[in-house]
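Participant: Okay, predicted coordinates and the sequence, questions at the end:
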Amino acid sequence: MGGASEPRSECPINAAVEAFGDRWSLIVLRDIVFGDRRYFRELQTNSIEGIASNILADRLKRLVASGLLTREDARPGQRARYSLTEPAIQLVPVFVQLGSWGIRHRPTSSALNAPAVLLEQGGPALWREFMDELRREHLGSELLARSPSVRERLNAAYLAAADSS
């Protein structure tokens, strides 16, 4: 991954892939962005892909080193909390496009598709609104909150699709 080591080339696609491009890094970022999971145990126990603890620990370290996450140091007896950085928040449109591609070209679940469809249909305006929410949650931005939040709408879409399955 990028950050600590020299990139293999100066190609912008390579630079992006080196920063967040392996499967588990994208899954960890997805779970923080869309699942609001901020702690190691939440990320591990709620992983629908079943990430192993050693892989999760490695990816969290890599994502911090590459500047996509920050780790709030925990005192003894406390859990370390992870937060998205601005560059990670700016990945929301990338996740939307990956989800749209996945729906069209891979076998997926209708319940898991529902939030991706909502984001695709909402377009860039909804993506910006969601990114603003993430900035409030992860960076402490003072932007005005809207009700219901995009996260609440994504969860409602998921639950409605899951109930109809």
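Facilitator: Everything's here; your move.

Participant: where's the most far-flung residue of the chain relative to its centre relative to M131, distance?
Facilitator: Centroid-distance maximum for the chain: P76 at 27.4 Å, with Cα atoms, centre = their mean. From P76 over to M131 the distance is 35 Å, taken as Cβ to Cβ, to the nearest Å. C-beta coordinates here come from the backbone N, C-alpha and C atoms, glycine included.

Participant: And for P12?
Facilitator: In terms of Cβ to Cβ, P12 sits 21 Å off from M131.

Participant: Comparing these two, which shows the higher neighbour count?
Facilitator: Using other Cβ atoms under 10 Å, the more surrounded residue of P12 and M131 is M131, with 21 against 8.

Participant: May I have the secondary structure class of the more buried one?
Facilitator: Following DSSP: H, G, I helix; E, B strand; the rest coil, we place M131 in the helix state.

Participant: And the pLDDT for it?
Facilitator: M131 carries a pLDDT score of 96 in this model.

Participant: Just confirm it contacts I89, I think it does.
Facilitator: Yes: between M131 and I89 a contact is recorded at 5.2 Å, counting by Cβ atoms under 8 Å.
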